[in-house]
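Novice: Here is a sequence together with a model predicted from it:
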Amino acid sequence: MARSNMHVILRIEIDRQQVTFGKIATVVSEAGGDMVAIDVIKEGPTITVRDLTIRVNDENNQKQIVNEIDALPGVSVKHVSDRTFLVHLGGKIEIKSKISIDNREQLSQVYTPEVARVSKAIDEDPMLAYNLTIKKNSVAVISDGTAVLGLGKIKPEAAMPVMEGKAMLFKQFANINAYPLCLDSHDTEEIIRIVKALSPTFGGINLEDIASPQCFEIEERLKKEMNIPVFHDDQHGTAIVVLAGIFNALKLTKKKLEECKVVVCGIGAAGTAITKMLLNAGARNVVGVDRNGAISKKETYENKMWNWYAENTNPFEQQGDLSTVIEDADIFIGVSSAGILKVEDVKKMAKEPIVFALANPNPEISPEDASPYVRIMATGRSDYPNQVNNVLCFPGIFSGVLDCRATSINEEMKLAAAKAIASTISDDELNEEYIIPGVFNTQVVPKIRDAVIQAAYDTGVAQKV
Ligand SMILES: NC(=O)C1=CN([C@@H]2O[C@H](COP(=O)(O)OP(=O)(O)OC[C@H]3O[C@@H](n4cnc5c(N)ncnc54)[C@H](O)[C@@H]3O)[C@@H](O)[C@H]2O)C=CC1
Ligand SMILES: CC(=O)C(=O)O
Ligand SMILES: [Mg+2]
């Protein structure tokens with residue numbers, strides 16, 4: 001695995017008569033920590049207080065280092081704080097006013113009584129909400145906490161840091177106001193009712209980390225019953241970025257998608273949407289694998305989506321587990337869970353294999369293990385090359401749909417977004433470690449936005465004239 005980015009800050013009190021700082025540094029280093037900063041907090045004749053910032057490998061390593069330092073004679077650990085937790089203190093986002101209220105006139109304009117005239121105007125023509133409220137540039141990021149990253153089902157409160165993070169990405173990359181809304185409900189009908197009731201406030205709905213198969217019904221129903229775009233990011237955002245990466249990876253291996261065998265592992269929200277986009281882009285031999293093995297027409301499933309999947313994939317009706325169906329695959333796409341693809345499996349793939357191991361936070365196989373045997377390797381993580389992550393898509397796609405007031409996001413718009421992402425890498429730049437642009441590439445959002453707006457007009461879903 002790549003070097004950890006986990007840092008801990010220890011406030012320690014040192015009695016210089018009993019211990020040297022060098023001794024403390026040795027303990028840290030011998031335990032595998034990396035001391036990256038030292039701040040002197042208080043200096044006395046014998047007692048000194050310092051903050052040590054230490055990069056640790058993981059939570060166990062952190063505990064070990066804290067215990068070993070605390071056990072040194074003359075050292076007392078006063079406080080332990082984690083840099084990542086510090087970043088989350090008080091939440092990561094806030095709402096700010098665009099104008100300040102400094103006198104009575106301003107007060108009566110932004111609030112009562114003058115605001116009533118604006119409300120009456122919108123009441124007569126609700127489309128004015130796009131001009132006179134935040135709706136035009138606002139997206140709700142809605143989760144019920146049932147499939148958060150690779151953590152699975154967690155409490156809605158616990159999903160908030162992830163949704164706040166998504167909101168930050170919307171703001172930073174596309175200047176969109178995104179509101180994290182975590183719902184204390186797992187009832188499909190109730191979630192649909194709540195989201196519909198929220199629609200007057202927002203220009204678009206980004207569903208996030210809602211488990212399959214409920215996510216399919218929730219999104220389908222909302223799309224039918226609402227006139228603002230609804231986008232389940234884990235399905236479509238992921239699928240768009242995967243397709244962009246596959247387009248560029250295939251340019252390097254000089255294989256045609258139509259002729260490739262693609263194994264998708266984890267037929268949940270992301271896996272289903274990835275498969276649909278691959279099929280629409282021309283793939284003919286996609287085999288989906290979940291916990292009980294390959295999905296095939298030979299079986300009937302309780303999960304309705306899997307019955308659709310069985311009908312539309314796996315043309316040779318392969319059965320068996322991942323290790324069996326991976327044989328001769330040109331492409332592996334994992335959106336399941338950590339560590340389930342083995343080196344032996346990768347060795348069975350066709351020549352010049354492409355492996356996208358996208359489970360978060362830990363991939364289906366580590367790049368260190370897979371790289372010697374694959375031509376192209378991608379993960380969902382930011383600490384390796386080729387980060388295939390839906391963050392590359394959702395700011396740009398929402399920027400496009402909000403700008404042209406699209407009523408929905410259709411297949412043409414999604415394909416346009418995938419091609420736009422792929423096109424940010426020129427043929428000269430394209431190489432095994434650069435098949436997908438980085439998150440901070442400033443071309444990505446405008447390219448997606450322009451392509452999506454064009455596709456929205458071409459397909460008649462843009463409302464802005
Ligand atoms: N890199 C990226 O941009 C994204 C990555 N992901 C990651 O993909 C994974 C799945 O996400 P979702 O589709 O939203 O979740 P989901 O809960 O809808 O689907 C996960 C599917 O994987 C299957 N699965 C889990 N462990 C498995 C195993 N050992 N073998 C075979 N199948 C297995 C589950 O049965 C389920 O059908 C998560 O780790 C998530 O973090 C999801 C969305 C975006
Ligand atoms: C990236 C993302 O949305 C996920 O892992 O769920
Ligand atoms: Mg997600």
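Specialist: Here it is on my side, so go on. Numbers count the residues shown, from 1 in each chain. Ligands and ions are numbered 1, 2, ... in the order given.

Novice: what's residue 49 sitting at in phi/psi?
Specialist: The phi and psi torsions at residue 49 (degrees, to the nearest 10) take the values phi -120, psi 130.

Novice: quick one, what contacts it?
Specialist: 11, 12, 13, 14, 40, 41, 42, 78 (Cβ atoms under 8 Å, 6 or more residues apart in numbering). To be clear about C-beta, it is placed using only N, CA and C from the backbone, and glycine gets the same treatment.

Novice: if we go to 10 Å?
Specialist: When contacts are counted by Cβ atoms under 10 Å, 6 or more residues apart in numbering, residue 49 touches 11, 12, 13, 14, 39, 40, 41, 42, 43, 76, 78.

Novice: For the stretch 1-150 of the chain, which residues are neighbours of ligand 1?
Specialist: Within the stretch 1-150 of the chain, the positions lying close to ligand 1 (Cβ under 6 Å from any ligand atom) are 147, 149, 150.

Novice: neighbours around the closest residue to the second one other than its chain neighbours, how many?
Specialist: If you skip the residues right next to it in sequence, residue 149 has residue 360 as its closest partner in space, 4.6 Å away by Cβ to Cβ, 6 or more residues apart in numbering. Using other Cβ atoms under 10 Å, residue 360 is surrounded by 16 other residues.

Novice: In a helix, residue 360, correct?
Specialist: No. Inclusion of residue 360 in a helix is not indicated when DSSP: H, G, I helix; E, B strand; the rest coil is applied; the result is coil.

Novice: Ramachandran coordinates for it?
Specialist: For residue 360, the backbone dihedrals (degrees, to the nearest 10) come out as phi -110, psi 150.

Novice: which residues touch it?
Specialist: Contacts for residue 360 were tallied using Cβ under 10 Å, 6+ apart; they are 148, 149, 150, 151, 335, 337, 338, 379, 380, 381, 389.

Novice: circling back: the residues of the stretch 1-150 of the chain next to ligand 1, buried ones only, as a PyMOL selection?
Specialist: Burial among those is assessed by 16 or more other Cβ atoms under 10 Å; the matching PyMOL selection reads:
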select buried, resi 147+150
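
Novice: can the residues of the stretch 1-150 of the chain next to ligand 1 go into JSON lines with extra columns for secondary structure, distance to residue 233 and pLDDT?
Specialist: Conversion of those to JSON lines gives the following (DSSP: H, G, I helix; E, B strand; the rest coil; distance: Cβ to Cβ, whole Å; pLDDT from 0 to 100):
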{"residue": "147", "secondary structure": "coil", "distance to residue 233": "11", "pLDDT": "95"}
{"residue": "149", "secondary structure": "coil", "distance to residue 233": "12", "pLDDT": "89"}
{"residue": "150", "secondary structure": "coil", "distance to residue 233": "15", "pLDDT": "83"}
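
Novice: got the buried residues for stretch 132-143?
Specialist: By 16+ other Cβ under 10 Å, the buried positions in stretch 132-143 come out as 133, 135, 136, 137, 138, 139, 140, 141, 142, 143.

Novice: And for stretch 173-180?
Specialist: Within stretch 173-180, the residues that qualify as buried by neighbour count (16+ other Cβ under 10 Å) are 173, 174, 176, 177, 178, 179, 180.

Novice: How about stretch 186-194?
Specialist: The neighbour-count criterion (16+ other Cβ under 10 Å) identifies 188, 191, 192 as the buried residues of stretch 186-194.

Novice: my read: the last one touches residue 205, true?
Specialist: Right, residue 192. No. Using Cβ atoms under 10 Å, residue 192 is not in contact with residue 205, being 11.1 Å away.

Novice: Spit out the residues that contact those two alike.
Specialist: With Cβ under 10 Å, 6+ apart applied, the overlap between the contact sets of residue 192 and residue 205 consists of 219, 222, 226.

Novice: okay, who's weakest in those residues by pLDDT?
Specialist: Least confident of the shared contacts of residue 192 and residue 205 in the model: residue 226, at 95.

Novice: In this structure, which residue sits nearest ligand 2?
Specialist: For the chain, the residue closest to ligand 2 is residue 360, as judged by Cβ to the nearest ligand atom, at 3.8 Å.

Novice: name the element residue 277 belongs to?
Specialist: Applying DSSP states H and E as the criterion places residue 277 in helix 269-280.

Novice: and that helix, what's its mean pLDDT?
Specialist: If you average the pLDDT over helix 269-280, you get 97.

Novice: and what of stretch 231-242?
Specialist: The predicted model gives stretch 231-242 an average pLDDT of 98.

Novice: same check, this time on stretch 250-262
Specialist: When pLDDT is averaged over stretch 250-262, the result is 98.

Novice: how long is that stretch end to end?
Specialist: Stretch 250-262 has an end-to-end distance of 12 Å (criterion: Cα to Cα, to the nearest Å).

Novice: Stretch 395-411 too?
Specialist: Between the opening and closing residues of stretch 395-411 there is a gap of 18 Å (Cα to Cα).

Novice: cool, stretch 204-213 as well?
Specialist: End-to-end distance of stretch 204-213: 22 Å, with Cα to Cα as the criterion.

Novice: again with stretch 381-399
Specialist: Between the start and the finish of stretch 381-399 there is a gap of 24 Å, counting by Cα to Cα.

Novice: And ligand 3, is that stretch touching that?
Specialist: No. Remark: stretch 381-399 sits outside contact range of ligand 3, by Cβ under 5 Å from the ion, the gap being at least 6.6 Å.

Novice: Show me which parts of that stretch are buried, residue by residue.
Specialist: Counting neighbours by 16+ other Cβ under 10 Å, the buried set in stretch 381-399 is 381, 384-399.

Novice: Counting neighbours, which bits of the helix ranked longest in the chain end up buried?
Specialist: When the chain is parsed with DSSP state H, its longest helix is helix 156-174. Within helix 156-174, the residues that count as buried by 16+ other Cβ under 10 Å are 156, 159-167, 169-170, 173-174.

Novice: Tabulate the residues you listed (CSV), appending pLDDT and distance to ligand 2.
Specialist: As requested, the buried residues of helix 156-174 are arranged in CSV below (pLDDT from 0 to 100; distance: Cβ to the nearest ligand atom, whole Å):
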residue, pLDDT, distance to ligand 2
156, 98, 15
159, 98, 10
160, 98, 14
161, 98, 13
162, 97, 8
163, 98, 10
164, 98, 13
165, 98, 10
166, 98, 8
167, 98, 13
169, 98, 10
170, 98, 13
173, 97, 14
174, 98, 16
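
Novice: got the buried residues for stretch 457-465?
Specialist: In terms of neighbour count (16+ other Cβ under 10 Å), stretch 457-465 has its buried residues at 461, 462.

Novice: So what touches that stretch?
Specialist: When contacts are defined by Cβ under 10 Å, 6+ apart, stretch 457-465 is touched by residues 127, 130, 136, 227, 229, 400-413, 416, 452-456.

Novice: Now, of those, which are buried?
Specialist: Neighbour counting with 16+ other Cβ under 10 Å marks 130, 136, 229, 400-410, 412-413, 416, 452-456 as buried within these.
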